[in-house]
Structures are given as C-alpha cells and as structure tokens.
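In: What follows is a predicted protein model with its sequence.
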Amino acid sequence: MKPIRVLVVDDSVMFRSLLVQSLNSDPHIQVVGQAANPYEARDAIIKYKPDVMTLDIELPRMNGIDFLRKLMPQYPLPVIVMSSLDNKVFDALEAGAVDFVAKPSNLNRQQLGEFLKTEFVTKVKIASTAKVGNHKTAASLMSKGEISAAASGRIIAIGASTGGTEAIYEVVRQFRRDIPGVVVVQHMPPGFTKMYAERLNNQCQVAVKEAETGDKVIPGQVLIAPGDRQMRLVKIGGIYQVECRGTERVTGHCPSVNVLFSSVAKTAGKQAIGVILTGMGGDGAQGLLEMRNAGAQTIGEDEPSCVVYGMPKVAYDMGAVQYQTSLSAISGKIYSLLSK
C-alpha cells in the first residue's frame, strides 16, 4: 500500500513542524511538502501532486478560504482545514474542504502531540479516501407533495460524519415548515455544533438549534446533538423530547449516531424515518437496522453522491437501508414517505 502523500500548509514554523512530525510518525503517511502561504502551496501542489492537503485558515497574503475557492475548481484535492472555534470553518467546508480539525487550546506540547497523532492523523487518512466536490452536484430546490395528516406525529432522524455538514444542509434546506420534528447527529467537536445549528437556522426555512435536554421535538424544527453529549429521543407525557446526557464514546463517537438511532427505534418505532449520510466507519448502521426492525422506514445515501461511502455502505450491507438514493433526492424521498 502506497503511503498517503500530504502537503502541510501553515504559516507558523513551529506548529507546521509539529504537524509534519505527527504525520510522519505514521508509517502510512508521507509528508511530501510544506508551505507557509497559499502561493507556496499552489507551487507545491503542482510539484508534489499530494493526495491530501492540510490547510490553516488564517494565512498571510491570502486566507485559506479564498485559496480553497480558487483551488478546488482547477485542482480538486481532499483538504483538512485547521481552525480555532470560529464560524469560518463552515465557509471552508462550503468551499470544498472535506473536514476540519479544531485547534486544541490549553494543551502542553506532549498533549498536543498526542492529539495530533490520533485525531489529526486519522482525519488525514479518512480524507485520502474522500471523493472531492460530490455535494456540489446537488440539484436545486424541488417542489414537494403535501404531507398526510397522519404524519404529524412522526420523527425524522439523520446521522452523518465526514462530508456531513454540507450533506445535512442539502437535505434540510429543502424542508418546509410542515416537516415533522427532526433530530440530527453530525460528528463534530463541542462549540462547533452550536455555530453549525445557528448557520443552518439562518439559511433554511425550518428552525434549527443545538439540542438541550428537555427540548421538544416539534414540526418545523431541527435539533442538532451537542458536540460533547449523547443525544437520545424520549417520550414524556406523550410528547417527544430529547435528552442530551453522557460523554462516553459509543462506536468511537460522542455524539454517536447509533445512540440516537437506537433510542428512536425504541421510542418512535414505525413512526420514524431514519437517514444515514456520508461518513467513514460504521456508526449508525446498527442503530438504523434497529429502526428498520422496529418498523421505521430507512434511507441511505448512495455511493456516487457520498464524500465518503462508509457509514451508508455498512448500513446497506447489513440490510438496514430500505431505500438508497442520491443526496439531492433524499428530502424528496422523505416527503414522498410522509405523503403516503
């Protein structure tokens, strides 16, 4: 197996050196070049033809987001951005980055090194398998059929990982305010989930918020699991609500799609629709199977439209996916199921 060829772009000599050291410590990765700004990066891409680029957002001469916007149409390349807790990370993902790593604060050099050797290196490996720009092929808004009266008590549960921020947006932006209550897990660090929810809230017809324990699951609203809590669906006094408790990792994640889907299977059963989108690994597959076995209708994103066809593939292979469709058609499929 050939090593993954990586270009590291960061204006800090010290931090760049730490990134290179962390990446080169993995036998499956080879850092082929370094750059301190987008102009050096452009030359290095042409020279070294890397498989993956890591990119700091704050750079001299041109910021990382503007660089991505210029780069991706001409030279599509899997990119992992490095970001502090800032909304700009979503601009970078919209511009074509595959994923991001939150720059950790208040860590000593040893702790930072361990973090980079685990989460950072893992995300670079995942990025090397990504199909860049797939979400950009999505169709424009489509007209949807009327929802049946019986759909008012239904629940829609969505799970995603790598590539999911843009995939979830593509689905949710097509929801009208008559959509039943929606609960979502997107693998993301704490802090970023709140900013992501606010961003979607400003861009979509439906209301979107970061979930809190006790939030009711109501029509026209999307609840995003917080980045450091497991979210479960419960029913109290005949009303669907969410509980956001527990920091344990399940299937390697907190929040975990499996945790949400499993709770939806137990609580909503055949009243639910489950949707699994792009992402590496198998989180959500078992939970989606539980949903289907409980009578729920289930949808999986197909391989051609996935940035990473991991989670939907595992779910499909184990028989959890009832309907497999492209990303741009998923919201239409949901409305079709709700109209029956």
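Out: Perfect, I can see it now.

In: ok, P60 - contacts?
Out: P60 sits next to 11, 36-37 when contact means Cβ atoms under 8 Å, 6 or more residues apart in numbering. Where you see a C-beta, it was placed from the backbone N, CA and C, and this is true even at glycine.

In: Test my guess that S25 contacts L116.
Out: No. If you go by Cβ atoms under 8 Å, S25 and L116 don't touch, sitting 9.1 Å apart.

In: quick one: which of those two has more around it?
Out: Per other Cβ atoms under 10 Å, whichever of S25 and L116 has more neighbours is L116, with 21 against 12.

In: And what about the residue nearest to that one when sequence neighbours are not counted, helix, strand or coil?
Out: With Cβ to Cβ, 6 or more residues apart in numbering as the criterion, L116 has its nearest non-adjacent residue at 3.7 Å, and that residue is S22. Here S22 is recorded as helix under DSSP: H, G, I helix; E, B strand; the rest coil.

In: What of M62?
Out: coil.

In: Which parts of the stretch 151-300 of the chain are strands?
Out: Assigned by DSSP state E, counting those that start in this stretch, the strands in the stretch 151-300 of the chain fall at 155-160, 181-186, 207-210, 221-224, 231-236, 239-244, 272-276, 297-301.

In: Tell me which of those sits nearest to L85.
Out: Comparing those against L85 with Cβ to Cβ, the closest turns out to be strand 207-210 (13.8 Å).

In: Would you give the sheet partners of that closest one, along with the direction of each?
Out: strand 221-224 (parallel) (DSSP bridges).

In: List the contacts of the strand it pairs with.
Out: Residues contacting strand 221-224 (Cβ under 8 Å, 6+ apart): 172, 175, 181-184, 186, 193, 196-197, 200, 204, 206-211, 215, 217, 231, 242.

In: just stretch 304-316 next, same as before
Out: Identification of contacts with stretch 304-316 by Cβ under 8 Å, 6+ apart yields 98, 126, 129-132, 134-135, 137-138, 159-163, 166-167, 257, 276-285, 288-289, 298, 300-303, 321, 324, 326-328.

In: Check stretch 195-212 too.
Out: Against stretch 195-212 from outside (Cβ under 8 Å, 6+ apart): 85, 87, 90, 165, 168-169, 172-173, 175-177, 179, 182-183, 186, 188, 193-194, 215, 220-226, 231, 242, 244.

In: Among those residues, name the buried ones.
Out: Using 16 or more other Cβ atoms under 10 Å as the burial test, the contacts of stretch 195-212 include 90, 165, 168-169, 172, 175, 179, 182-183, 186, 188, 193-194, 215, 221-226, 231, 242, 244 as buried.

In: Next, work out how far apart I224 and K49 are.
Out: In this view, I224 and K49 are 37 Å apart by Cβ to Cβ, to the nearest Å.

In: Which of the helices or strands spans K313?
Out: helix 311-317 (DSSP states H and E).

In: Give the buried residues for that helix.
Out: For helix 311-317, burial by neighbour count (16+ other Cβ under 10 Å) applies to 311-316.

In: Out of those, which two sit at the greatest distance?
Out: It's M311 and Y316 that sit farthest apart of the buried residues of helix 311-317, by Cβ to Cβ, at 9.7 Å.

In: before we move on, the earlier item: and after the helix holding K313, which helix or strand comes next?
Out: Scanning forward in sequence from helix 311-317 by DSSP H and E, the next helix or strand is strand 323-325.

In: picking up where we left off before, in ChimeraX, select just the buried ones from the contacts of stretch 304-316.
Out: Buried residues among those (16+ other Cβ under 10 Å), as a ChimeraX selection:
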select :98,126,129,130,131,132,134,135,138,159,160,161,162,163,166,167,257,276,277,278,279,280,281,282,283,284,285,288,289,298,300,301,302,321,324,326,327,328
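
In: Which parts of the stretch 1-150 of the chain are strands?
Out: Listed in chain order, the strands of the stretch 1-150 of the chain (DSSP E, counting those that start in this stretch) span 4-9, 29-35, 52-56, 79-83, 99-102.

In: Same list, those strands, but as TSV with mean pLDDT and mean neighbour count please.
Out: Shown next, in TSV, are the strands of the stretch 1-150 of the chain (pLDDT from 0 to 100; neighbours: other Cβ atoms under 10 Å):
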stretch	mean pLDDT	mean neighbour count
strand 4-9	96	24
strand 29-35	96	19
strand 52-56	95	25
strand 79-83	90	24
strand 99-102	89	22
